[in-house]
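**Q** Requesting a structural model of the entry that follows:
(one chain, ligands or ions: 3)
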Amino acid sequence: MSHQHRLDTGAEFEAVIGLEVHCQLATESKIFCSCPARRVEGKSVSEIAPNLNSCPICAAHPGTLPVLNRKVVEYAIRAGLATHCTIAKNNVFARKNYFYPDLPKGYQISQYDKPICENGFIEISTGSVLRKIPIQRIHMEEDAGKSVHSGSYTTVNLNRAGVPLVEIVSGPDLRSAEEAGAYLRALYAIVTYIGICDGNLQEGNFRCDANVSVMPKGSKVLGTRAEIKNVNSFKFVEKAIEYEIVRQISVIQGGGKIVQETRTYDADQDITISMRSKEEAHDYRYFPDPDLVSVQIDDAWIERVRKSLPELPEQKKTRYVEELGLSVYDAGVLTGSQTLAGFFEQVLELLEKSGIAAKSGAKPVANLLTGEVARRLNEEAIEITQSLLKPEHLSDAVQLLQSEALSSTGAKQLLSIAWKTGEKVSVIVSREGLTQVSDVSTLEPAIDQVIAANPKQVGAFRAAPEENAKLIGFFVGQVMKATGGKANPGMLQELIKTRLLKG
Ligand code: ADP
Ligand code: MG
Ligand code: ZN
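**A** Ligands and ions are numbered 1, 2, ... in the order given. Here you go, the predicted model:
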C-alpha cells in the first residue's frame, strides 16, 4: 500500500482509522411515528420551536407502539446497494438501553447483530492513489432528542427524537487523516446522489465518529483506539485525527498506554479531550424489540430499488473521463458533489443548444468550475445551488471564450463579479469593458501607429527576423498599451508578425 500524503507518524508507527457516520435519512416522516422528519411549513425540524414536533410515540408515552416507516428500509437498501453491500433478508430491530435525558424511552431502537447491509466498500482517491475502503455494516436506527445546556440548567428538545438515521461503519482500514477526509467526501457524495440524505452539515445531517489507533509499523495487531465523537465538518474530522495520531504516539513514546475511551474535539484549541471511558456492547443490554416484527426483504424489492438508483459518483467520474475527455482530477472535483455535477451538466446542455458539443465545451467549463468556483464553494462551505452563480453565467462565459471575445483572465474577472452580484454576463461585460478586441479593423490602425513610431526596431527586425524574433513581443506590448490591454494577444502576435515580414 502506498499512502503518499500521509502524516509523518515517525518511522516506527502507523495509524489506523475507522469511521462511523450517522446519516439522517430524508424521509418525510419519522421512523416509528407520523411526525415530520424533515421540514415543517418550510422550516427544518431544528428550526421550529422546541417540542412542537413530537407526539406520544416519539415522546415515549406509556402504551404507545412504534410502526415502522417503510421508506426508511428502502433508503437503507439504497445505501447498501450504492456501497456494494449484501442486503439482509431478515431484519430485526433491537433495543439499545442507556439512560440520558434526551432519550425518553430509556432505550434507542437500533439494529444489533443483524444489520440491514454488510460487507461493502467504497472507492476513494487521494492524489493519484485509488483505494477500496471496506464498509463493515449499515444499520437503521432512530435519532435521540437534544439536550440544550443553558447556564445552570438543561432543557430537552424532542423535535429530532425518532428522526431516522443509518449508521454507516467503515472497516479499520483508513491510514491517514487525509484518507479519512477523502472517505467522508466520497460517502457524502454517494448519499446525496442517491437522494437518501439532504446533506446539510450545519444541521448535523451527516456526522461522524472517528476511531483512531496507532500501532508499530507493519504490525498485524491493531492498537487500542480512542473514539472521537460527533464531528460534523470534514475539515475538523481531519484535524481531530491528525491531533489524535500525534497524541497517541507521544503517549506511547513517553512510556504510557492508550486507554480505550471516548474523546471530543475542541475546534478552538484544535485538540481532543477525554470525555469518558468507552462503553462496551454488553453495557447496553441489547435485545430484540418485542414491539416490532422482523422485516422481510425479498429479491424483488431489492431489484426494484437497484433499478431506481441514479448514476453514482464513481460511474459519473468514469464517464466524464472517457466520454468528455476530462482529467481524472477535474472529473473528481465535479462529481464530488451532486449539485456541482448537476450544475456542470446543465451548462453543457445550454452550450449544446447554442451549437457547442458537450465534448468541446466540457474542458473550458471544467476549467472555470474546478478552479475559481470550487475554491469559493470550499471557502464559503456552500453548495453551488446556494450561490448566485447560474449555469447561464458559465455557458455565456465559455461562448465568449471560444469566440475569443473574452480572455481567460477576463473570464475569471467576469465570474468573480457574477459570484458577488449574480448579474447577467452581458451586463457585467459591457460595464466592466471585459471583452477583448479580436477585430482586425480595430487592431490594424493601432499596429500601423506603433510601427510608424518605432522605425529603429522595425529596421532591426527586418534586417534579421530570426535573431530579433523577441522584438515581436515589444510590438505586442506597445499595441497592448495603446488599446488599454484589450487586444487579443494571440491575434495581435500573428498580425504584427505578418505586417513586419511583409515590409
Ligand atoms: P463501537 O464503536 O460501536 O464499539 P465497533 O467496535 O464495531 O463499534 O467499531 C466501530 C468502528 O471502529 C469501526 O469503524 C471500526 O473500523 C473502528 N475500529 C475498530 N477497532 C479499531 C482500532 N483498533 N483502530 C481504529 N479503528 C478501529
Ligand atoms: Mg463507535
Ligand atoms: Zn412522533
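
**Q** Contacts only, for the residue of the stretch 101-250 of the chain found nearest ligand 3.
**A** Using C-beta to the ion, residue 162 is the residue of the stretch 101-250 of the chain that sits closest to ligand 3, at 5.5 Å. C-beta here means a position set from N, CA and C on the backbone, and glycine is covered the same way. Taking C-beta atoms under 8 Å, 6 or more residues apart in numbering, we find residue 162 in contact with 30-33, 35, 37, 54, 57-58, 142-143.

**Q** switch the cut-off to 7 Å
**A** Residues near residue 162 by C-beta atoms under 7 Å, 6 or more residues apart in numbering: 30-33, 35, 58, 142-143.

**Q** go on, residue 388?
**A** By C-beta under 7 Å, 6+ apart, the neighbours of residue 388 are 419, 421-422.

**Q** Quick check: residue 215 vs ligand 1, distance?
**A** If you measure residue 215 against ligand 1 using C-beta to the nearest ligand atom, to the nearest Å, the figure is 8 Å.

**Q** doesn't that residue fall inside a helix?
**A** No. Counting by DSSP: H, G, I helix; E, B strand; the rest coil, residue 215 falls outside a helix, being strand.

**Q** next helix or strand past the helix ranked longest in the chain?
**A** Scanning the chain for the helix with the most residues, using DSSP state H, yields helix 234-253. Toward the C-terminus, helix 234-253 is succeeded by strand 261-266 as the next helix or strand (DSSP states H and E).

**Q** so how far is that next one from its chain's centroid?
**A** Strand 261-266 has its C-alpha centroid displaced from the chain centroid by 24 Å (C-alpha atoms, centre = their mean, to the nearest Å).

**Q** Show me what the helix or strand just after that strand is packed against.
**A** Per DSSP H and E, the first helix or strand lying C-terminal to strand 261-266 is strand 271-277. Counting contacts by 3 or more C-beta pairs under 7 Å, 6 or more residues apart in numbering; DSSP states H and E, strand 271-277 is packed against helix 234-253, strand 261-266.

**Q** Could you check the angle the shortest one makes with helix 234-253?
**A** By that I understand strand 261-266. Angle, strand 261-266 to helix 234-253, by axes from the mean of the first three to the mean of the last three C-alpha atoms, to 10 degrees: 130 degrees.

**Q** So is strand 261-266 next to ligand 1?
**A** No. Strand 261-266 lies apart from ligand 1 when judged by C-beta under 6 Å from any ligand atom; the minimum separation is 9.2 Å.

**Q** What is the burial count for the closest residue to ligand 3 within the stretch 251-400 of the chain?
**A** The minimum distance from the stretch 251-400 of the chain to ligand 3, using C-beta to the ion, falls at residue 291 (14.7 Å). Using other C-beta atoms under 10 Å, residue 291 has 13 neighbouring residues.

**Q** Distance of it relative to ligand 1?
**A** Residue 291 is 23 Å from ligand 1, by C-beta to the nearest ligand atom.

**Q** next one: residue 178
**A** On the measure of C-beta to the nearest ligand atom, residue 178 and ligand 1 end up 16 Å apart.

**Q** now residue 25
**A** 20 Å.

**Q** Low-confidence ranges, this protein, go.
**A** 1-10, 503 (pLDDT under 70).

**Q** got the residues of it near ligand 1?
**A** Going by C-beta under 6 Å from any ligand atom, the residues of the chain near ligand 1 are 16-20, 169-172, 211-213, 222-223, 225, 227.

**Q** Only the buried members of those residues: can you turn that into a PyMOL selection?
**A** Applying 16 or more other C-beta atoms under 10 Å to the residues of the chain next to ligand 1, the buried members can be selected in PyMOL as follows:
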select buried, resi 16+17+18+19+20+169+170+171+172+211+212+213+223+225+227
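
**Q** just the residues of the chain next to ligand 1 now: which is nearest ligand 1?
**A** Checking the residues of the chain next to ligand 1 against ligand 1 by C-beta to the nearest ligand atom gives residue 18 as the nearest, at 2.2 Å.

**Q** Just to check, that closest one is in contact with residue 211?
**A** Yes. With contact defined as C-beta atoms under 7 Å, residue 18 counts as touching residue 211 (4.4 Å).

**Q** Is the residue nearest the centre of the chain in a helix, a strand, or coil?
**A** Nearest to the geometric centre of the chain sits residue 185, at 4.5 Å (C-alpha atoms, centre = their mean). On the three-state scheme (three-state DSSP), residue 185 is labelled helix.

**Q** Also residue 77?
**A** helix.

**Q** what residues are up against it?
**A** Counting by C-beta under 7 Å, 6+ apart, residue 77 has contacts 87, 297, 302, 305.

**Q** How much space separates it from residue 145?
**A** Relative to residue 145, residue 77 is positioned 27 Å away (criterion: C-beta to C-beta, to the nearest Å).

**Q** go on, residue 52?
**A** 13 Å.

**Q** Please apply the same query to residue 32.
**A** 14 Å.

**Q** go on, residue 11?
**A** Look at residue 11 and residue 145: by C-beta to C-beta, they are 48 Å apart.

**Q** do residue 414 as well
**A** Counting by C-beta to C-beta, the gap from residue 414 to residue 145 is 48 Å.

**Q** Now the helix or strand where residue 133 lies: buried residues?
**A** Here residue 133, judged by DSSP H and E, is contained in strand 129-142. Neighbour counts using 16+ other C-beta under 10 Å place 131, 133-142 of strand 129-142 among the buried residues.

**Q** The following helix or strand past that strand: how far from the chain's middle?
**A** Heading C-terminal from strand 129-142, the first helix or strand you meet, by DSSP H and E, is strand 146-150. Going by C-alpha atoms, centre = their mean, the spacing between the C-alpha centre of strand 146-150 and its chain's C-alpha centre is 29 Å.

**Q** Same question for strand 146-150: list its buried residues.
**A** Those would be residue 146, for strand 146-150 by 16+ other C-beta under 10 Å.

**Q** How about stretch 352-371?
**A** 356, 358, 361-362, 364-370.

**Q** what's the spacing between the closest residue to residue 361 other than its chain neighbours and residue 411?
**A** The shortest distance from residue 361 to any non-neighbouring residue, by C-beta to C-beta, 6 or more residues apart in numbering, is to residue 351 (4.0 Å). To residue 411, residue 351 is 14 Å away according to C-beta to C-beta.
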